[in-house]
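*Asks:* What would the 3D arrangement of this be:
(one chain, ligands or ions: 1)
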Amino acid sequence: MIAENIGPRARSLEAASLAARIKDEVKTEIEQMVKERGVRPCLAAVRVGEDPASAVYVRNKIRACEEVGIRSEHHALPESTSTAELLELIASLNLRDDVDGILVQLPLPSGIDETAIIEAMDPAKDVDGFHPVNAGKLAMGRPVFVPCTPAGIIELLDDAGVEIRGANACVVGRSQIVGRPMAQLLLQRDATVTICHSRTRDLAAVARTADLLVVAIGRAGLVGRDHIKPGATVIDVGMNKASDADQVRSLFGSEADKRLEVVAKRGYTLVGDVNPAEAAEVAGMLTPVPGGVGLLTVAMLMKNTLKAAKLRRKH
Ligand code: NDP
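*Replies:* Presented below is the predicted three-dimensional model:
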């Protein structure tokens with residue numbers, strides 16, 4: 001949905017109402033499933049250690065489950081958990097017929113073999129879409145479970161009426177969680193896709209060719225006016241913390257005072273990978289941070305969990 005102007009030019013692509021709509025649709029289908037079949041989907045969330053950001057993410061996901069009527073379990077394991085112990089838990093969740101989706105909150109503590117954990121998961125319960133079977137199916141153009149953040153971005157683009165077919169799309173970042181699956185989804189929708197990363201030569205020149213620019217690098221405000229083609233749609237996936245007053249001023253321009261109040265209260269303000277003040281002068285549309293892509297990630301997790309329940313239970 002296109003909301004208020006961010007700056008002189010770019011329009012803000014807010015995601016709140018779309019995220020609410022997606023959750024409402026999931027809720028309606030779940031109510032129907034419960035009524036007709038007596039089945040309520042169940043998501044098992046697994047968290048290891050005491051990382052405060054992971055605790056917040058898992059709490060938000062469990063709250064969303066409550067909103068849409070998904071039963072949830074929270075397995076909070078101590079930092080000292082070994083790979084073998086976590087593999088045992090995954091194996092038991094794989095076997096349980098009442099569990100439809102398994103979510104392992106990343107990153108895991110450094111002592112745990114993250115790849116082994118992801119690969120141990122039943123692909124039919126892999127609602128994050130990180131298992132090689134699901135990544136492979138996506139790469140082959142036969143997606144089943146697609147990682148939630150890029151899947152949400154496609155929903156946002158469609159909702160805003162952004163033409164993907166034939167567009168020159170540039171994805172900055174090649175992680176398994178965002179960049180790579182994003183590029184695959186755009187390719188599947190007939191965009192001409194370029195993938196950039198930390199070794200790309202002259203990032204600004206490449207990014208500036210894009211009608212559709214998706215940035216997922218984890219570098220506060222790195223993408224600025226020089227990276228953006230006039231009128232381009234810019235999707236900012238980044239979630240970084242900024243606390244330095246000069247940095248906040250250079251990123252937020254006329255909005256800086258409001259953001260500095262947030263810093264005074266919380267110690268930081270959330271900032272994406274795109275410089276919003278500069279992007280607003282050049283872009284056609286821009287997702288805000290917060291209030292953009294992040295809201296859709298959880299909504300898509302709910303959608304994937306419902307999908308897992310439907311596929312497993314042949315609804
Ligand atoms: P990763 O650290 O896994 O990947 C970062 C990618 O960016 C890598 O491919 C890296 O290249 C590339 N990169 C890093 N620096 C540069 C640079 N200077 N120029 C070009 N490319 C660069 O990050 P994630 O994909 O997991 O996350 C990216 C951002 O998105 C983070 O801020 C994260 O917090 C946020 N995020 C937000 C979500 C949401 O729901 N809103 C969900 C997931 C992530 P290389 O491969 O060469 O190292």
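
*Asks:* low pLDDT regions in the stretch 201-315 of the chain?
*Replies:* Low-confidence segments of the stretch 201-315 of the chain (pLDDT under 70): 315.

*Asks:* Helices along that one, start to end?
*Replies:* Residue ranges of the helices in the stretch 201-315 of the chain, as given by DSSP state H, counting those that start in this stretch, are 203-207, 245-252, 256-266, 276-282, 293-312.

*Asks:* Switch those helices over to JSON lines; also include distance to the ligand.
*Replies:* The C-beta positions use only the backbone N, C-alpha and C, and glycine is treated the same way. Shown next, in JSON lines, are the helices of the stretch 201-315 of the chain (distance: least, C-beta to the nearest ligand atom, whole Å):
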{"stretch": "helix 203-207", "distance to the ligand": "5"}
{"stretch": "helix 245-252", "distance to the ligand": "14"}
{"stretch": "helix 256-266", "distance to the ligand": "17"}
{"stretch": "helix 276-282", "distance to the ligand": "14"}
{"stretch": "helix 293-312", "distance to the ligand": "4"}
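
*Asks:* Quick one: closest of the ones you listed to Gly231.
*Replies:* helix 276-282 (8.0 Å; C-beta to C-beta).

*Asks:* how much space between the nearest residue in space to Glu67 that is not next to it in sequence and the ligand?
*Replies:* In space, and not counting its chain neighbours, Glu67 is closest to Lys23: 6.0 Å by C-beta to C-beta, 6 or more residues apart in numbering. Between Lys23 and the ligand the computed distance is 15 Å (C-beta to the nearest ligand atom, to the nearest Å).

*Asks:* part of a helix, is Lys23?
*Replies:* Yes - according to DSSP: H, G, I helix; E, B strand; the rest coil, Lys23 belongs to a helix.

*Asks:* Quick one: name the residues of the stretch 51-200 of the chain near the ligand.
*Replies:* Proximity of the stretch 51-200 of the chain to the ligand, by C-beta under 6 Å from any ligand atom, involves residues 149, 172-175, 177-179, 196-200.

*Asks:* how about those residues in a markdown table, adding pLDDT?
*Replies:* As requested, those are arranged in a markdown table below (pLDDT from 0 to 100):
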| residue | pLDDT |
| --- | --- |
| Thr149 | 98 |
| Val172 | 99 |
| Gly173 | 98 |
| Arg174 | 98 |
| Ser175 | 97 |
| Ile177 | 96 |
| Val178 | 98 |
| Gly179 | 98 |
| Cys196 | 99 |
| His197 | 98 |
| Ser198 | 98 |
| Arg199 | 98 |
| Thr200 | 98 |
